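In: Let's see this in three dimensions:
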Amino acid sequence: MKIFAISDLHLDHAVNRRALEELPAHPEDWLILAGDTGHQQEQLEMALELLGPRYKQLVWVPGNHELWTETRGGEELRGEAKYQRLVEICRRHGVLTPEDPFREVETEEGRMVIAPLFLLYDYSFQPEGLARAAAVAWAAESGIVCTDEIYLHSDPYPSVESWCAARCERTARLLEAVPRELPLILINHFPLRRDLVHIRIPRFIIWCGTRRTEQWHQRFKVGAVVQGHLHVRTTQWRDGIRFEEVSLGYPRQWSQRRGIASYLRQIWPAPRGSSPEEGLTWYR
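Out: Below you'll find the model as predicted:
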């Protein structure tokens, strides 16, 4: 059994919807969907209906776009309620989510634990010495304000920061309970470390994660980490641990000529030739 991953499918774009239909089947393998399938429930449902029959098991974590508030038929879904609705959709399709027990699996390189996470961000990736309350204003100085500031709400939490703190605390307790002899594959939409963020718009970094998770790759026994969000595909190593950014992205950010299959990343077993000495590898 192999484990593959892709993220940021953004199925609100017709080009990406058509491309998804071409993703090849791997009926004996698992597929990780690391967030931002789209910003509407139907886009997640479409992805699961299409990909479910092609893979042995799907694993999903939410991205920021999926958490955007939706209003339809007089019902407004926001914050935790929107997230729980997406979890319900996943469960109807037999998809693993951050609300399910971590799954122990047998791979070609031994037993692993698959750990889908939902951790959010808290603006703490801002420069040293800058007060957190000033982070959004600092980003706005360069003309950057993430759309999350309009469409992502934290109800019933008073702020995204407090929601992030609660998710990190809950998740850390769950990870602590995993037997230390079993390596983890951690899956989160947002990067776990600030130094993993390589983006073309530098001040967007405040919407990219939390410093609370900076040492999680050492705190827990981690085999690999899967992330998305940045739309900048990389393999990076920290302390001997492999971090894979597996985004597809918006249509202008990937090659339709090459096709979507070339953007499917093998996570486990590690691709042949992959080693900590490789440093930073960029994928186009």
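
In: what are the ranges of the strands in the stretch 151-284 of the chain?
Out: Assigned by DSSP state E, counting those that start in this stretch, the strands in the stretch 151-284 of the chain fall at 184-187, 222-227, 233-238, 241-245, 265-268, 281-283.

In: and the ones you listed as TSV, adding mean pLDDT?
Out: Formatted as TSV, the strands of the stretch 151-284 of the chain follow (pLDDT from 0 to 100):
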stretch	mean pLDDT
strand 184-187	98
strand 222-227	97
strand 233-238	95
strand 241-245	96
strand 265-268	94
strand 281-283	80
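
In: Now distance to I206 and mean neighbour count too, for the ones you listed, in a markdown table please.
Out: (Each C-beta comes from the backbone N, C-alpha and C, glycine too.) Shown next, in a markdown table, are the strands of the stretch 151-284 of the chain (distance: least, CB to CB, whole Å; neighbours: other CB atoms under 10 Å):
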| stretch | distance to I206 | mean neighbour count |
| --- | --- | --- |
| strand 184-187 | 22 | 26 |
| strand 222-227 | 17 | 26 |
| strand 233-238 | 20 | 19 |
| strand 241-245 | 18 | 23 |
| strand 265-268 | 26 | 22 |
| strand 281-283 | 23 | 13 |
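
In: Go through those and name the closest to E108.
Out: Of all the strands of the stretch 151-284 of the chain, it is strand 265-268 that lies closest to E108, at 8.1 Å by CB to CB.

In: Pull the closest one out as PDB, backbone CA atoms only.
Out: Taking C-alpha atoms only, strand 265-268 is exported to PDB below (Å, rounded to 0.1, in the frame of the first residue of the first chain):
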ATOM      1  CA  ARG A 265       2.700  13.300  -4.600                       C
ATOM      2  CA  GLN A 266       3.800  10.000  -3.100                       C
ATOM      3  CA  ILE A 267       4.200  10.400   0.600                       C
ATOM      4  CA  TRP A 268       4.800   6.900   1.900                       C
END
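
In: ok now that strand, how far from the chain's centre?
Out: The chain centroid and the centroid of strand 265-268 are separated by 14 Å under CA atoms, centre = their mean, to the nearest Å.

In: Would you mind pulling up the elements that that strand packs against?
Out: With contacts defined as 3 or more CB pairs under 8 Å, 6 or more residues apart in numbering; DSSP states H and E, the packing partners of strand 265-268 are strand 3-6, strand 222-227.

In: For A165, find the nearest of those.
Out: Going by CB to CB, the one of those nearest A165 is strand 222-227, 19.5 Å.

In: Just the pLDDT for G273.
Out: Here, the pLDDT recorded for G273 equals 66.

In: for P276, that is, sorry about that
Out: Predicted confidence (pLDDT) at P276: the value is 73.

In: Can you tell me, leaving aside adjacent residues, what's nearest to it?
Out: W237 (4.5 Å; CB to CB, 6 or more residues apart in numbering).

In: cool, P156 as well?
Out: Distance criterion CB to CB, 6+ apart; nearest residue to P156, sequence neighbours excluded, is E80 at 6.2 Å.

In: pretty sure that neighbour belongs to a helix, no?
Out: Yes - E80 sits within a helix when classified using DSSP: H, G, I helix; E, B strand; the rest coil.

In: In CSV: the strands of the stretch 151-284 of the chain, plus distance to G74.
Out: CSV is the format used below for those (distance: least, CB to CB, whole Å):
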stretch, distance to G74
strand 184-187, 35
strand 222-227, 36
strand 233-238, 41
strand 241-245, 39
strand 265-268, 41
strand 281-283, 44
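
In: now for those, which one comes closest to E109?
Out: Proximity to E109, assessed across those by CB to CB, is greatest for strand 265-268 (7.0 Å).
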